[in-house]
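Undergrad: Next come a sequence and a model predicted from it.
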Amino acid sequence: MAKFTSDGLVHPRDIRCNSSTQEYNLGAKAVTPDGRAFRYCLVGGTSLVAGKLYDGPATVTNHTNMAVVSGAAGSNEIVVTLGGTAATINQYAGGVIVINDKTGQGFTYSVKSHPAQTTTTGNLTVTLDEEEKVVTALDTTSQATLIANQYNGIIIHADTETGVPVGVAVTQVTNAKYGWIQTRGPVSCLCNATTGIGLGAAASDTTGSGGYEIWDGILSPIGYAVTAGVATEYNVIFLTID
């Protein structure tokens with residue numbers, strides 16, 4: 001697949017692709033000449049609908065705060081014990097493993113691959129990217145959290161979030177296919193409540209189905225209103241997700 005070594009420049013027509021073949025790394029960033037930004041993604045759940053807000057894949061609670069079995073300094077492998085949910089092969093490839101407590105805490109490492117682990121409390125060996133090495137040796141006091149690539153299997157935003165907002169769809173992309181989602185700049189988005197120009201826009205916490213509302217400090221801010229918003233209409237917001 002192709003890689004962007006820096007933000008890629010694309011023509012607006014190219015961001016409306018709907019492909020069964022992966023052409024870029026998931027999360028690759030592209031910018032149109034007018035400054036709008038997009039991220040390359042794989043669709044999960046249901047097909048994208050233009051003008052709706054989407055979240056990254058759900059965080060697996062039992063894959064957070066996991067006990068570490070081993071992780072030697074200079075090694076490119078970290079072994080963790082799953083907390084009660086099995087892992088599919090390469091579920092976290094392209095994502096990260098974070099050492100969230102005790103020895104080695106504060107470090108974030110890129111994940112290259114891992115096998116499947118069907119035993120819900122079994123050990124999982126996580127292989128880091130080629131250039132990644134464990135900085136501080138880990139021990140059995142360490143705790144680790146696995147986070148999937150946020151563009152690998154995006155799902156429509158619901159009023160109770162299971163993941164974090166990653167962008168607004170600009171075209172229909174079929175479920176399980178690849179395409180682009182907008183992360184910055186003016187875009188049409190479903191409004192769930194009356195808003196005013198310049199007010200902060202946030203993922204809706206009262207109505208699901210991919211909408212936004214005035215930011216009330218509950219769910220993630222995603223930008224600000226460019227036009228006065230009317231509930232159930234697709235109004236203009238300026239995205240600031242990325």
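TA: Good, I have the coordinates.

Undergrad: Where does pLDDT dip in the protein?
TA: By pLDDT under 70, the low-scoring segments of the chain are 1-6.

Undergrad: Kindly report the domain assignment for it.
TA: The record's domain split for the chain, according to automatic domain parsing, is 8-57+152-240, 61-147.

Undergrad: Make JSON lines from those domains and add mean neighbour count to it.
TA: For glycine as for every other residue, the C-beta is placed from the backbone atoms N, C-alpha and C. Putting the domains of the chain into JSON lines (neighbours: other Cβ atoms under 10 Å) gives the following:
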{"stretch": "domain 8-57+152-240", "mean neighbour count": "18"}
{"stretch": "domain 61-147", "mean neighbour count": "17"}
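
Undergrad: Run through the helices of the chain in chain order.
TA: When secondary structure is read from DSSP state H, the chain shows no helices.

Undergrad: At the geometric centre of it, which residue do we find?
TA: residue 150 (1.8 Å; Cα atoms, centre = their mean).

Undergrad: wait, that one sits on residue 27?
TA: Yes: assessed by Cβ atoms under 8 Å, residue 150 is found in contact with residue 27 at 6.9 Å.

Undergrad: which residues sit in contact with residue 214?
TA: Contact analysis of residue 214 by Cβ atoms under 8 Å, 6 or more residues apart in numbering lists 193, 195, 196, 199, 200, 201, 202, 225.

Undergrad: next one: residue 87
TA: 63, 114, 116, 117, 124, 146.

Undergrad: how does it look with 6 Å?
TA: 117, 124 (Cβ atoms under 6 Å, 6 or more residues apart in numbering).

Undergrad: Quick check: it vs residue 60, distance?
TA: 8 Å (Cβ to Cβ, to the nearest Å).

Undergrad: Just flag the most distant two among the contacts of residue 214.
TA: Greatest spatial distance among the contacts of residue 214 (Cβ to Cβ): 196 and 202, at 13.9 Å.

Undergrad: Common neighbours of these two, please.
TA: Joint contacts of residue 196 and residue 202 (Cβ under 6 Å, 6+ apart) do not exist.

Undergrad: For residue 144, give its distance to residue 90.
TA: According to Cβ to Cβ, residue 144 stands 17 Å off from residue 90.
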